[in-house]
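Novice: quick one, structure for this:
(2 chains)
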Amino acid sequence: MTRPKTQMKDGVIHPQVPLRPAETVMRLRRMGASFPHRLSFLRILTRILAHENVTVQRTHWQISADGYGHAVYQVLLGGFDYALIAVSTDLPADQRTDRVIATAWDTSYVLYDGVPSAAEIARVVAAAPLQEAARFTARDLILSRANKSVRLFDHVVTALREGRQPDPDLVRQTGYLMRTTAVYGNGKFGIADRGIISDRPYLAGPFMAEMLTVWLIRGFTHDLVEHVGGAPLDRDIKRSLGIGNATGLGMAPFLVNHPLLLDAWMQARETAIARVRAVPALDPALIARIYELAARAAAHLGEWTVADPVAASRIAVLRREWPQITSMMTPEMMTGVQPIDRLITASAAFSVDTQELLAAMLMEPFGDLIDGLGDCMATPYAPRLDPAMGCDALARLIDQDWGRAVNTDFDAPQNCSRFWYVSEEKLEPRLGDRYSEAGAELESPLDVARQVKALAVDLSGSSGSVSTFLQNYPVHRATVRRVQTLHRHKYSEIRDNLIGSDCLPIDMLRCKLSFFGAAKFDPKSDRWTRITLAQGAPLADELDNADDWWLPVSGI
Amino acid sequence: MMRSLNEISGMVLKAARGAGVPLGHCEDLAAAAGYIAATDPEALGIFGAVFGASHGIPTCTSQGDTTTISSGSVAIAGPLAVDAIGAGARDVRLCNVSAPTLVFALFAVRGFAVSHRFEGVDLIVTTTSDAAPPAPVVGPAVVSDQLWQTLADFAAKTYVPASEASRMAGAGAGLTDND
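Specialist: Predicted structure coming up:
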């Protein structure tokens, strides 16, 4: 196989095999099989925190015996002070919902820019519990909230009060004491625009401030349960308690609305895979490391239990196939030529889930080859229209890149049975049935494939420039921009019909969440999932050993 | 009230959609709104009138290296003017243009250095060899509550009223999470 040398923005030239084609990678089913990997943002963050020798100081702890009040945690990162202001309130059970329609939460948070004064702490303590109903300032970088996993939180409190540690099985099953239900950044409700921090050291990468917030929240949940329980948790149990998250459709349009960012993330991950596939040979230490990771993946699959029957059946397939994958890793294979590439090539005979798990795992031992790609995952650019392009050239792009869209019959009910919309009620994104629900005339423009087909129809027979075409057809402006963008950024579009009856929004959610570092996806429907973040991640006083928690396995 | 730039551009995008502006033009107007908010926030008031106008397709003609865009709202004509320059025209004449500040912002966010002059009610934009305009300083901007409400009213035209069925099934999750 050819091994062209390419150079990305990480500035280092590495051999690599050709990238997996976007037509393969960007299908929803495969995106929905994504696993966290070492370029996931939370992994990048913990490496940064370790590199910078960051320490976390709890500067305020005004929490009552039953766990209500506020706390402040302070960190210094890249020469800037940041503070997590955490507020814990008494939430009646009938108000505890993870949906965006909620109006109250167990806890709420602001990542504050600087060292907050008493007045600023008081302001945030008053505003944060109100979330979307309040207004914030540009000193507030991130706004978040989290609800308790009531069953586990109460169990841990009870156990600690009785002088024992919590049941390890319960800790493993849930994996977190609280789950966030929103982590808002980039100007929402008056908080700082991303531009305010986008050139700061270590916060320039995508979602770095959000990840810092989430990691600090996890520490707060540990402190809170120990405070209420009146005794410390064992370190291993504490490390096994990550931070949960409940995510719905609100996350799905992000990937459609940020094509260049999606391309940057996927390009970085696929380049990483292409680089490790080009590794000519493995030394004994690397082989041992891969065996260790394969065993960890097997243990992780054993711990990953979900109620959803579709997800459970996929996990069952993974459990059945993974030993077959590891059985291919014979000494002969591992000491042969280009073994990573041969393994990944051979994995094509297995399920998509198994293929993606293997690819994520094989990135893991090669930080020196791929970690620099983390610097390529943010983009300050937005898609641009090229008005000078000829209509004939635009038509060729559609022929090359959008065959699946233009060959879809959108008059067939199954190909347009759904419509995305924003509900008037608290502006929650939802998905409706075009044939049984009202509101399709107000649908959100996520019907990208259908738009491209409509463009292709009107473009047929047109000549001259795109500029002239759009004078007559302004309705196609956004689509022309997407078509042109995809040709330059091959991973910028999901290669599926997002309004078809077989579209599962949860596939979009899982892809994005895997880039955050999420694991143990626990779908509650085809459009809603719980996940676990930072399970097994280093605690605040463990940052000297920050980078070995891919697919964490409970150490308890 | 103080609004972040992302809030402003996001609200303008939604309001433009609610006003019936084609999506691609909405995207350009949103970017321009962010630029105006960062450079001349008091000028944001133009959007109320822009979205209140009808959004018919303008008539565009080209002669030599000049493109003339007649009639139609600035929400449509503005981005088309930027296209014309991007496709090689030297001058663009926007006839009877209602919000030149928006036109200037559209050129700025596209990175085009241009000069302009008025001939009666027509705006003539000409390419120059100057450096591209600098990116504006990032920061929140004050937006009047009246304008915000106007924009919110347009945006609300894209929202679907909730029903009990959509509340239960549309988001794919239940209403309580006490586990």
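
Novice: run a quick neighbour tally on the residue in chain B that chain A sits nearest to.
Specialist: In chain B, the residue that lies nearest chain A is residue B:24 (2.4 Å; Cβ to the nearest Cβ). Yep, even glycine has a C-beta here, placed from its N, CA and C like the rest. Applying other Cβ atoms under 10 Å in any protein chain shown, we find 21 residues neighbouring residue B:24.

Novice: what's the answer for residue A:201, then?
Specialist: Neighbours of residue A:201 (other Cβ under 10 Å): 12.

Novice: now do residue B:169
Specialist: When neighbours are counted by other Cβ under 10 Å, residue B:169 comes out with 17.

Novice: distance check, it against residue A:120.
Specialist: 42 Å (Cβ to Cβ, to the nearest Å).

Novice: residue B:143 against residue B:12, yeah?
Specialist: No - taking Cβ atoms under 8 Å as the definition, residue B:143 is not a contact partner of residue B:12, at 10.3 Å.

Novice: the more surrounded of those two?
Specialist: The neighbour comparison of residue B:143 against residue B:12 (other Cβ under 10 Å) goes to residue B:12, with 27 against 22.

Novice: how about the helices in chain B?
Specialist: With helices called from DSSP state H, chain B shows them at B:5-18, B:23-39, B:46-52, B:74-86, B:100-109, B:145-155, B:164-165.

Novice: of all those, which lies closest to residue A:371?
Specialist: Closest to residue A:371 of the helices of chain B, according to Cβ to Cβ: helix B:5-18, at 29.8 Å.

Novice: show me what that closest one is packed up against.
Specialist: helix B:23-39, helix B:46-52, helix B:145-155 (3 or more Cβ pairs under 8 Å, 6 or more residues apart in numbering or on different chains; DSSP states H and E).

Novice: the residue lying closest to residue A:179 once chain neighbours are set aside: what secondary structure?
Specialist: Distances taken as Cβ to Cβ, 6 or more residues apart in numbering or on different chains put residue A:244 closest to residue A:179, at 2.9 Å, once the chain neighbours are dropped. Three-state assignment for residue A:244 (DSSP: H, G, I helix; E, B strand; the rest coil): strand.

Novice: likewise residue A:102?
Specialist: coil.

Novice: what about the nearest residue to residue A:409 once chain neighbours are set aside, neighbour count?
Specialist: Sequence neighbours aside, residue A:415 is the residue nearest to residue A:409 in space, at 5.9 Å (criterion: Cβ to Cβ, 6+ apart). Residue A:415: 18 surrounding residues under other Cβ under 10 Å.

Novice: check the nearest residue to residue B:59 once chain neighbours are set aside and give its pLDDT.
Specialist: Using Cβ to Cβ, 6+ apart and skipping the chain neighbours, the partner closest in space to residue B:59 is residue B:70 (4.6 Å). According to the prediction, residue B:70 has pLDDT 92.

Novice: nearest residue to residue A:198 in space, ignoring adjacent ones along the chain?
Specialist: Here the residue nearest residue A:198, using Cβ to Cβ, 6+ apart, is residue A:204, at 5.7 Å.

Novice: helix/strand/coil for the one you found?
Specialist: Classification of residue A:204 using three-state DSSP returns coil.

Novice: before we move on, the earlier item: possible to save the helices and strands packed on helix B:5-18 as TSV with mean pLDDT?
Specialist: Shown next, in TSV, are these (pLDDT from 0 to 100):
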stretch	mean pLDDT
helix B:23-39	96
helix B:46-52	94
helix B:145-155	97
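
Novice: so the residue of chain A found nearest chain B is in which element?
Specialist: Going by Cβ to the nearest Cβ, chain B is nearest to residue A:477 of chain A, at 2.4 Å. Taking DSSP states H and E as the definition, one finds residue A:477 inside helix A:477-488.

Novice: just residue A:458 next, same as before
Specialist: Counting by DSSP H and E, residue A:458 is part of helix A:448-459.

Novice: what's near enough to touch the residue of chain A closest to chain B?
Specialist: A:385, A:470, B:22-25, B:27-28, B:79 (Cβ atoms under 8 Å, 6 or more residues apart in numbering or on different chains).

Novice: all good on my end, thank you.
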